[in-house]
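[1] curious how this folds, go ahead:
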Amino acid sequence: MNRCAVPRKVLIVLGTRPECLKLASVCRALGQYPDCVPIVLNSGQHRASVERTLAQLEIGCDIRAEQMAGASLYASIKELRAGIRHAAERVAPDVLLAQGDTATAYAAALASRDLGIAFAHVEAGLRTDHPYRPFPEEHFRRRISRIARLHFAPTLSAVRNLHGEGIDPASVVHAGNTIIDLLRNELEQTPAAPPLPIAASNRVLTFTLHRRENRGAGIRQACNAVRRLLAAHDDLVVVCPLPPHPATRAQLARELADCPRVQLTESIDYPQFIALLRRSALIVTDSGGIQEEAPHLGVPLLLLRQNTERVEETALGGATLLDLRREDLCRAASRMLAAPRPIPLPFTDAAPNGDGRAGRRIAHHLLQLLTTGSSSGHRYRYDNHPRGVAV
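    A predicted model of the protein is given here:
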């Protein structure tokens, strides 16, 4: 790779805890290149949560926006877009990078287009079978792909989705999923202790809900099912980390407040959360990231969604999609608790979400774009690694 005389600036925009976790390996990999200056921006979407998570990950934050005050989705996007644009005007980056399908990711893509700055999208190409479900995530994903110059796809199906939408194949890189980088690193360390004391004789059900589609009736149905599940299994304990969204956390706390053997917690640090998942007999969630982690932990997962953009997990059988409007959660959970535990998926090239080295691939291709003006989209190929880093 040709070395540039002036270091290139990459503005990395984060707005939520999952974005911090999924971009941690990218931030670290970019920092290994002497020709690159990664600049981390906290967009203000979930300002305090981002600050805490970055501190836990030991990643510095260079620019901090105020906590977003938008009262509606439209107002939030407008506010985030203006804040990101203002930061980018000050920094003058060579490329702007964001991850996923959040309001921050979409606002970052819009801001990059406003300023004529190249946009790189991590976790590009995920698609459900409906252009607006879940909303707004699916809408954001599809719109971002029309703006991005470089698309880092986590899976082969995501690559195919982008190609099928007419995205230039040369701009698409099958990088793998960055959350697997963090998970692999965590599992290679000394295991952390679970965040709460749980008797060895108890089975654990980890229960997390945060998506817009489940607010209101969905949360009510799920919590009622949890009550019935606890009544049917007297050795079961439920751990429910509360999400940051005020209305969602308030409803979960209200629905489960007097429920026996339910432990409501604040957000759990990543090492302790992985320890909790490993200790679990079953995960019931609507989370995207947990879908990706569970197969490598060998823990069965019930996904409370109408559809999913992570089709590999359901195809493997490690995750089961359940629509609360049509199916009984208590019956499905009891069936999964009685079934043999899945075998953990190894970290290899053959794994659907990759081998846990996605951050290095992303950094390599991003620097290739910045130094040569192009990046040849392909699967898992490396040349001229920074500082002799093995892959």
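[2] check the separation of the first and last residues in stretch 347-365.
    Stretch 347-365 has an end-to-end distance of 22 Å (C-alpha to C-alpha, to the nearest Å).
[3] give me the distance from that stretch to the chain's centre.
    Stretch 347-365 sits 15 Å away from the centroid of its parent chain (C-alpha atoms, centre = their mean, to the nearest Å).
[4] need the contact list for the residue nearest to Ile268 when sequence neighbours are not counted.
    In space, and not counting its chain neighbours, Ile268 is closest to Pro195: 4.9 Å by C-beta to C-beta, 6 or more residues apart in numbering. C-beta here means a position set from N, CA and C on the backbone, and glycine is covered the same way. Neighbour list for Pro195: Val239, Thr265, Ile268, Asp269, Gln272, Phe273, Ala275, Leu276 [criterion: C-beta atoms under 8 Å, 6 or more residues apart in numbering].
[5] which stretches of the protein have low pLDDT?
    1-5, 373-391 (pLDDT under 70).
[6] buried set for the longest helix anywhere in it?
    Longest helix in the chain, counting residues (DSSP state H): helix 73-91. Within helix 73-91, the residues that count as buried by 16 or more other C-beta atoms under 10 Å are Ser76, Ile77, Glu79, Leu80, Arg81, Gly83, Ile84, Arg85, Ala87, Ala88, Val91.
[7] state the distance from Ala319 to Asn161.
    19 Å (C-beta to C-beta, to the nearest Å).
[8] which one's more surrounded, those two?
    For Ala319 versus Asn161, neighbours defined as other C-beta atoms under 10 Å are more numerous around Ala319 (26 against 23).
[9] any idea how far that one lies from His174?
    Computed with C-beta to C-beta, the distance linking Ala319 and His174 is 21 Å.
[10] equivalent analysis for Leu229, please.
    Counting by C-beta to C-beta - Leu229 and His174 are separated by 39 Å.
[11] element containing the residue lying closest to Pro194 once chain neighbours are set aside?
    Counting by C-beta to C-beta, 6+ apart, Ala275 is the residue found nearest to Pro194 once chain neighbours are left out, at 4.7 Å. For Ala275, the host element (DSSP states H and E) is helix 270-279.
[12] what about the helices in the protein?
    17-30, 47-57, 73-91, 103-115, 137-147, 156-164, 178-187, 217-232, 246-256, 270-279, 288-297, 311-316, 329-338, 358-372.
[13] just grab the bridge partners of Val122 for me.
    Note on Val122: beta-bridge partners by DSSP bridges are Gln99, Phe152.
[14] now do the contacts for it.
    Contacts for Val122 (C-beta under 8 Å, 6+ apart) come out as Lys22, Leu23, Val26, Leu97, Ala98, Gln99, Gly100, Phe152, Ala175, Thr178, Ile362.
[15] most widely separated two among those residues?
    The span of the contacts of Val122, defined through C-beta to C-beta, is set by Ala98 and Ala175 at 14.7 Å.
[16] the residue nearest to Pro194: neighbour count?
    When counting by other C-beta under 10 Å, one arrives at 18 neighbours for Ala275.
[17] now do Leu337
    18.
[18] contacts only, for it.
    Arg203, His233, Leu236, Ala281, Leu282.
[19] any idea how far the closest residue to the first one other than its chain neighbours is from Ala338?
    When you say that, I think you mean Arg203. In space, and not counting its chain neighbours, Arg203 is closest to Ala281: 4.1 Å by C-beta to C-beta, 6+ apart. Per C-beta to C-beta, Ala281 is found 10 Å from Ala338.
[20] again with Ile180
    Distance from Ile180 to Ala338, by C-beta to C-beta: 29 Å.
[21] higher neighbour count, these two?
    When Ile180 and Ala338 are compared on other C-beta under 10 Å, the one with more neighbours turns out to be Ile180, at 27 against 8.
[22] number of nearby residues for the residue nearest to Arg142 when sequence neighbours are not counted?
    Of all residues not flanking Arg142 in the chain, Pro131 sits nearest, at 6.4 Å (C-beta to C-beta, 6+ apart). Pro131 has 11 neighbouring residues, counting by other C-beta under 10 Å.
[23] is it true that Pro131 touches Glu137?
    No: applying C-beta atoms under 8 Å, one finds Pro131 not in contact with Glu137, separated by 11.4 Å.
[24] coming back round to it: could the contacts of Val122 go into TSV alongside distance to Ile59 and neighbour count?
    Below are the contacts of Val122 laid out as TSV (distance: C-beta to C-beta, whole Å; neighbours: other C-beta atoms under 10 Å):
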residue	distance to Ile59	neighbour count
Lys22	12	27
Leu23	9	30
Val26	10	27
Leu97	14	29
Ala98	15	31
Gln99	14	29
Gly100	17	25
Phe152	19	30
Ala175	19	30
Thr178	13	30
Ile362	15	26
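[25] before we move on, back to that, pick out the most distant pair among the contacts of Pro195.
    Using C-beta to C-beta, the contacts of Pro195 span at most 14.0 Å, a distance reached by Val239 and Asp269.
[26] packing partners of the longest helix of the chain?
    The helices and strands touching helix 73-91, judged by 3 or more C-beta pairs under 8 Å, 6 or more residues apart in numbering; DSSP states H and E, are strand 8-14, strand 36-42, strand 63-64, helix 103-115.
[27] what are the contacting residues of the shortest one?
    The set of residues external to strand 63-64 that reach it, using C-beta under 8 Å, 6+ apart, is Ile39, Val40, Leu41, Asn42, Gly44, Arg47, Glu51, Ala87, Arg90, Val91.
[28] the first one and Ala257, how far apart?
    From Ile39 across to Ala257, the span is 43 Å (C-beta to C-beta).
[29] done for today, thanks.
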